[in-house]
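[1] missing the sequence, but the structure's below:
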């Protein structure tokens, strides 16, 4: 055939490119049409007024093993996993789905302590604090891998329900995986060496977060969190040296502070070793998270003040039963601790001086958008801590009055001023879920100080420490335990 004939020969028709049907959304695959694979909802379904049911997990299984896995879902309660388990695909799904799915605690909030604690644990920042370490830590430990698989499957179930319009996801698969993960975790906890590993702690926190993805897991969430706290104590401050380990403990500190307040008891973090460990969490580039400098310093100061407040309550209960010399020694020690906490909160004033809006009335700083800088989350967090600091100053001043400090009349005036200041700033803020969380603490504490003004002005003008009846009448107003 000549060169001219070859050139004139009709060229074979090129098949137009289109995504493969196997990787399309579930709706397009059921209709047996090509999917444009737009995520989270494909445009093909939108144009045809169909409900896009989302995409199947991209995990690849050999044909025979895939068949076994599908049969296992039907025949048994516990899923059968590939012997050479690799959790990378589950980590990828968590990364993709976590920003797109609200936790149950962000959809509803009740004014009770359990909901408050569940909200703190269910924050996305709780998971985000250590999520970035999962790609390099998963795939090597069956305890951690099983917890990762459980959370990833829960995300897939919730995402599938959201995209298909169902209010309640079918959690059968993730519950089976959850049961399996608990079995692995229990074995790890029984081992004296493995129980101190970062993987066991991470698995415990992941299973805590799994409970927060559901709407009915409040008590289970708290049980997991309490287990996490026991693991942290078990490891000791000397075993939180790597960045991964610090990322695991950092989100627990706000919960511990809340626990100390509402139980009116000191927490184990109130030692020099633990407080130094907490300060080592700080990441200079973190402006608003659990490892930001202002957040960590605030937590450290709160631990000191709340421990002194709890010990002051105990001292006032025992004032008639202990020798005067012992009472005076403990009294002076607590006043010194309050001074230490006060100085720690004074350091927070550093952030007031740095903020672009420092010359503007505090209650106008944050509405829908921050007009003073481009970092809304930083401003929101900044104002949270400013209000909490004012609240701490009010508590410190009131406890000083109770302990018969040298300038207790001035202390009571300061307690009233700071409480009114914090309450006014809080009530002027935008009403969000985070606002309700802060209000659960700020409103009752501030109002308890303002509503007991008459009794405590009289106490400030009298001699001696406060009676336990007067003290209990104050702290009982915001639900503190004696």
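    That came in fine, so what should we check first? Computed from a prediction, not measured in an experiment: that's the story for all the values here. Numbering: from 1, shown residues only.

[2] quick one: contacts for the closest residue to residue 317 other than its chain neighbours?
    Excluding its sequence neighbours, the residue lying closest to residue 317 (C-beta to C-beta, 6 or more residues apart in numbering) is residue 468, at 5.3 Å. Every C-beta, even on glycine, is put in place using the N, C-alpha and C of the backbone. For residue 468, the contacting residues are 316-317, 319, by C-beta atoms under 8 Å, 6 or more residues apart in numbering.

[3] of all the residues you listed, which comes closest to residue 325?
    Distance to residue 325 across those (C-beta to C-beta) is lowest for residue 319, with 12.9 Å.

[4] Quick check: the closest one touching residue 469?
    No - under the criterion of C-beta atoms under 8 Å, residue 319 is not in contact with residue 469, lying 11.7 Å apart.

[5] More neighbours: which of those two?
    Set residue 319 next to residue 469 and count neighbours by other C-beta atoms under 10 Å: residue 319 wins out with 17 against 9.

[6] For the more buried one, which non-adjacent residue is spatially closest?
    residue 327 (6.0 Å).

[7] what residue ranges in the stretch 1-150 of the chain score low on pLDDT?
    1-22, 56-87, 102-128 (pLDDT under 70).

[8] check contacts around residue 282.
    By C-beta under 8 Å, 6+ apart, the neighbours of residue 282 are 291-293, 296.

[9] How about residue 130?
    202, 205, 244, 247-248, 251.

[10] Please compute how far the strand or helix carrying residue 473 lies from its chain's middle.
    Using DSSP states H and E, residue 473 falls within helix 468-475. The chain centre lies 32 Å from the centre of helix 468-475; the measure is C-alpha atoms, centre = their mean, to the nearest Å.

[11] Tell me which residues of that helix come out buried.
    The neighbour-count check on helix 468-475 (16 or more other C-beta atoms under 10 Å) flags 468, 470-472, 474-475 as buried.

[12] again with stretch 336-350
    337-338, 341-342, 344-345, 348.

[13] circling back to that earlier point, what two of the contacts of residue 130 have the greatest distance between them?
    Maximum distance among the contacts of residue 130 (C-beta to C-beta): 13.0 Å, for 244 and 251.

[14] what about these two, which has more around it?
    A side-by-side neighbour count of residue 244 and residue 251, using other C-beta under 10 Å, places residue 251 first with 24 against 18.

[15] Residue 295 is in contact with that one, correct?
    No - when contacts are counted by C-beta under 8 Å, residue 251 is not listed as touching residue 295 (10.4 Å).

[16] Count the residues that sit near residue 225.
    23.

[17] Now name the helix or strand holding it.
    Going by DSSP H and E, residue 225 is in helix 218-235.

[18] Buried ones in that helix, by neighbour count?
    Quick answer for helix 218-235 (16+ other C-beta under 10 Å): 218, 220-222, 224-225, 227-229, 231-232, 235.

[19] how about the helices of the stretch 151-300 of the chain, start to end?
    With DSSP state H, counting those that start in this stretch as the criterion, the stretch 151-300 of the chain has helices at 172-190, 198-212, 218-235, 243-249, 252-263, 272-279, 293-317.

[20] quick one: contacts of the shortest one?
    Around helix 243-249, the neighbours that count as contacts under C-beta under 8 Å, 6+ apart are 129-130, 132-133, 137, 198, 201-202, 205, 232, 239-240, 277, 280-281, 291.

[21] for the helix ranked longest in the chain, packing partners?
    Counting residues, the longest helix found in the chain (DSSP state H) is helix 376-402. In terms of contacts (3 or more C-beta pairs under 8 Å, 6 or more residues apart in numbering; DSSP states H and E), helix 376-402 is packed against helix 293-317, helix 324-346, helix 349-354, helix 408-427, helix 433-451, helix 453-461, helix 468-475.
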